[in-house]
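>>> Structure for the following, please:
(2 chains)
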Amino acid sequence: MSSDDTLPEAASGSDPTAGTGGLVAEKAKRLQKLDNMREAGANPYPYRFDRTGTLAELRAAHGQLEAGTETEVAVAVAGRIMLMRDSGKLIFATVRDRDGEVQLFVSKAVVGDDAFESFRDLDLGDWVGVHGTVMTTRKGELSVKVQRFELLSKAVRPMPDKWHGLTDTDTRFRQRYADLIVNDDARRSFRIRHEIIASFRRNLHGRGFIEVETPVLHVEAGGAHARPFITHHNTLDMQLFLRIALELHLKRLIVGGMERVFEIGRIFRNEGISTRHNPEFTMMELYQAFADYSEMIDITEALITQAAIDATGSPVVTIFGPEVEMAVDLTKPWRRARMIDLVAEAIGEEVHPSQPVEHLRALATQHGVSFHPRWGSGKIIEELFENTAEHRLIAPTFVTGHPVEISPLARQDRNDPYLTERFELFVGARELANGYSELNDPVEQRARFVDEQAAKDAGDAERGSVDEDYLRALEYGMPPTGGLGIGMDRVAMLIAGVHSIKEVILFPTLRPEVF
RNA sequence: GCCCCUCUAGCUCAAUGGUAGAGCAGUGGACUUUUAAUCCAUUGGUUCAGGGUUCGAGCCCCUGGGGGGGCACCA
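Next up, the predicted model:
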């Protein structure tokens, strides 16, 4: 037999001391076990396994057993082998399923010599199904005393470090499956995200909202100021945009008389990636007929507080600001302050969009805030706010009264025509929500759209266009309406207590991996 | 797009410019109550890639790549 019989990578052919370790060799060993099983007539990838319950259910039913108890209770459980402790004629293995862990107690005397040897042949990471009886060890560990077992799926690739898990962020985000296998914190964050979304749905259903789905592919990307992703439909041979907001379609449904609608959906913004931004993220938007922005503020507070309670059992969250960290009880009232008052507080001088733009430009210059020549007073005030006041908003704060100029879809303040009945929620200096009394006057809305279009034509790529169909809808009459959008990823970050949006998005956007 | 940091065994991490190491995983052995089991032995490396400086580079320099952080952008 020549050395050509061996695979190029498997250097174990000619030199018996080489190539017996490392990933390639490890995978080869495990693949060999599969071949051996098949030759013995067994299927290492069986089609199903019927278990009597999950491991959490097993623990709930038998967790109170005294140490050293043997029962006759027969169970069938399944899970992934996470740990193995071999002490000669006994093997202890820790298996985990989706909601719990339990120890397998494998005795050579019980299962027989052959089965004991094949259990010893299992690897960390393998999925097994076992039939056995419930017992506790002398130390009191709840265990399943194995009568028989079967391999449910072979792990051909070794698990990450059983104690340290995976810490390399690159690997954690690219191989989320491996992250979820070994890192409890990752599983916890996504569990919390699920609980938050479930809580929102329950809460909204309870308030009479119905859930709808609107198009992701838009002819015009409206409803927000952001750069869109552009795509193309072949048959229609037309340019389409991935949506940057849910707003304009949902308000068409209010015109249609649906009165209370919400959507939890993915939106796409062609902007930078950071600890707070992912190009695709999840927005919840709701619209309620006959309500105004004050009710939207109330519902925002209620939704997020209830979600924290539902997801963690506590309304207390830890907020990570730019420089500080603080625990906040969400059941306490949240601060409300007008944007112009927050700016005045920060710079010690009153500001108002009615002031001449020259005055505001001077203030901006004075505080080191740069501006664009085509910006009006309202936009400069927003810029002053973002640069002088926003970073201080650590505890939950509703910022209200945005200038009309930066709020093309919001209704004028009933007491001040330069401002809108709008709010944004800031927590930890990050925007989490945005809502307003919806502008429903089709004539004024057209004028606002025209202003947007003018700014866009002047070179501001993020401004909007005249949406004729939306205007037609308003012409049919939209009742007074309150609207709200909440960034679900950022809510998840807040409640899960994590610093990066990548910790709450299962598969965050990354550059493609080179294999 | 700009700046800074980082990349070493499957994983977690070491290594003054001077022989690339440890723990875990793996392999062989001991052990019938372990708990990250323990004990003995042991395999495993293109140090992200490509250049350069040097007698000598994992380490210093340059270019490129991945990731992280910051800035810009982000109604």
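>>> Next, count neighbours for the residue in the stretch 401-515 of chain A that RNA strand B sits nearest to.
Using Cβ to the nearest atom of the strand, the single residue of the stretch 401-515 of chain A nearest to RNA strand B is A:Arg511, 3.3 Å away. Quick note: C-beta positions are derived from backbone N, CA and C, even for glycine. If you count neighbours by other Cβ atoms under 10 Å, A:Arg511 ends up with 7.
>>> Got phi/psi on it?
Per-residue torsions, A:Arg511: phi -60, psi 150 (degrees, to the nearest 10).
>>> Tell me who's in contact with it.
If a contact means Cβ atoms under 8 Å, 6 or more residues apart in numbering, then A:Arg511 has no contacts.
>>> Can you tell me how far A:Leu242 is from A:Arg138?
A:Leu242 sits 60 Å away from A:Arg138, taking Cβ to Cβ, to the nearest Å as the criterion.
>>> neighbour-wise, which of these two wins?
Between A:Leu242 and A:Arg138, counted using other Cβ under 10 Å, the more crowded position is A:Leu242 (19 against 7).
>>> For the more buried one, list the residues it contacts.
For A:Leu242, the contacting residues are A:216-218, A:221, A:228-229, A:231, A:267-268, by Cβ under 8 Å, 6+ apart.
>>> biggest separation within those, which pair?
In these, the most distant members under the criterion Cβ to Cβ are A:Thr231 and A:Ile267, with 14.2 Å between them.
>>> what about the residue in the stretch 201-350 of chain A that RNA strand B sits nearest to, how many residues close to it?
Of all residues in the stretch 201-350 of chain A, the one sitting closest to RNA strand B is A:His225 (2.3 Å; Cβ to the nearest atom of the strand). By other Cβ under 10 Å, the residues close to A:His225 number 17.
>>> hmm, back to that, confidence-wise, which of the contacts of A:Leu242 comes last?
On pLDDT alone, A:Ala221 ranks lowest of the contacts of A:Leu242, at 88.
>>> any idea which element that residue lies in?
Secondary structure assignment for A:Ala221, by DSSP states H and E: no helix or strand.
>>> how near is it to A:Pro403?
23 Å.
>>> quick one, domains of chain A?
Chain A resolves into domains spanning A:9-164, A:182-334+A:395-503 when parsed by automatic domain parsing.
>>> weakest of those in terms of mean pLDDT?
Across these, domain A:9-164 gives the lowest mean pLDDT, at a mean of 90.
>>> Show me what the longest helix along chain A is packed up against.
As assigned by DSSP state H, the longest helix anywhere in chain A is helix A:184-206. In terms of contacts (3 or more Cβ pairs under 8 Å, 6 or more residues apart in numbering; DSSP states H and E), helix A:184-206 is packed against helix A:176-182, strand A:210-211, strand A:260-268, helix A:293-312, helix A:488-496.
>>> residues in contact with that helix?
Helix A:184-206 has contacts (Cβ under 8 Å, 6+ apart) with A:172, A:176, A:179-180, A:211, A:262, A:264, A:284, A:286, A:302-303, A:306-307, A:310-312, A:486, A:488, A:491-492, A:495-496, A:498, A:503-504, A:506.
>>> can you check stretch A:364-380 too?
A:347, A:352-357, A:359-361, A:363, A:383-384, A:387-388, A:402-406, A:418, A:455, A:458, A:460.
>>> for stretch A:228-241, same thing?
Residues outside stretch A:228-241 that contact it (Cβ under 8 Å, 6+ apart): A:217-221, A:242-244, A:268-270, A:279.
>>> what's across from the closest residue to A:Leu393 other than its chain neighbours in the sheet?
Residue nearest to A:Leu393 in three dimensions, not counting chain neighbours: A:Phe426, with 3.9 Å by Cβ to Cβ, 6 or more residues apart in numbering. Applying DSSP bridges to A:Phe426 gives these bridge partners: A:Thr397, A:Glu431.
>>> What residues does A:Phe426 make contact with?
A:390, A:393, A:396-397, A:399, A:432.
>>> As a markdown table, the residues you listed with distance to RNA strand B and neighbour count would be great.
Output for the contacts of A:Phe426, formatted as a markdown table (distance: Cβ to the nearest atom of the strand, whole Å; neighbours: other Cβ atoms under 10 Å):
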| residue | distance to RNA strand B | neighbour count |
| --- | --- | --- |
| A:Glu390 | 9 | 22 |
| A:Leu393 | 14 | 23 |
| A:Pro396 | 17 | 25 |
| A:Thr397 | 15 | 21 |
| A:Val399 | 11 | 23 |
| A:Leu432 | 10 | 21 |
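>>> how about those residues, which pair is most distant?
A:Glu390 and A:Pro396 (13.7 Å).
>>> quick one, helices of the stretch 301-450 of chain A?
Secondary structure of the stretch 301-450 of chain A, counting by DSSP state H, counting those that start in this stretch: helices at A:339-347, A:357-366, A:377-384, A:442-457.
>>> Need the winner for burial among those helices.
Most buried of the helices of the stretch 301-450 of chain A, by mean neighbour count (mean count of other Cβ atoms under 10 Å): helix A:377-384, with a mean of 23.
>>> residues near A:Met326, how many?
12.
>>> With adjacent residues omitted, what lies nearest to it?
In this structure, A:Met326 finds its nearest non-sequential neighbour in A:Ile319, 5.4 Å apart by Cβ to Cβ, 6+ apart.
>>> Tell me the spacing between the one you found and A:Ala302.
19 Å.
>>> Close to RNA strand B: what parts of the stretch 251-400 of chain A are there?
Taking Cβ under 7 Å from any atom of the strand as the criterion, the stretch 251-400 of chain A approaches RNA strand B at residues A:269, A:271-272, A:274-277, A:382, A:386.
>>> Could you name the helices and strands sitting against the longest strand along chain A?
Longest strand in chain A, counting residues (DSSP state E): strand A:70-86. Contact here means 3+ Cβ pairs under 8 Å, 6+ apart; on that basis strand A:70-86 packs against helix A:55-62, strand A:90-96, strand A:101-107, strand A:127-136, strand A:142-153.
>>> got the ones you listed as TSV, with mean neighbour count columns?
Formatted as TSV, the helices and strands packed on strand A:70-86 follow (neighbours: other Cβ atoms under 10 Å):
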stretch	mean neighbour count
helix A:55-62	17
strand A:90-96	19
strand A:101-107	21
strand A:127-136	21
strand A:142-153	20
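>>> Identify the residue nearest A:Pro408 in space, chain neighbours excluded?
Spatial nearest neighbour of A:Pro408, excluding adjacent residues (Cβ to Cβ, 6+ apart): A:Arg448 at 4.3 Å.
>>> interface residues of the stretch 51-200 of chain A facing RNA strand B?
Applying Cβ under 7 Å from any atom of the strand, we find that the stretch 51-200 of chain A lies next to RNA strand B at A:83-90, A:92, A:94, A:103, A:105, A:107-109, A:123-124, A:137-141, A:143, A:158-171, A:173.
>>> what about A:Ile394, how many neighbours?
A:Ile394 has 20 neighbours, counted by other Cβ under 10 Å.
>>> OK, contacts around the spatially closest residue to it that is not a sequence neighbour?
Setting aside the residues directly before and after it, A:Ile394 is nearest to A:Gly321 in space (Cβ to Cβ, 6+ apart), at 4.1 Å. Contact analysis of A:Gly321 by Cβ under 8 Å, 6+ apart lists A:391, A:394, A:428-429.
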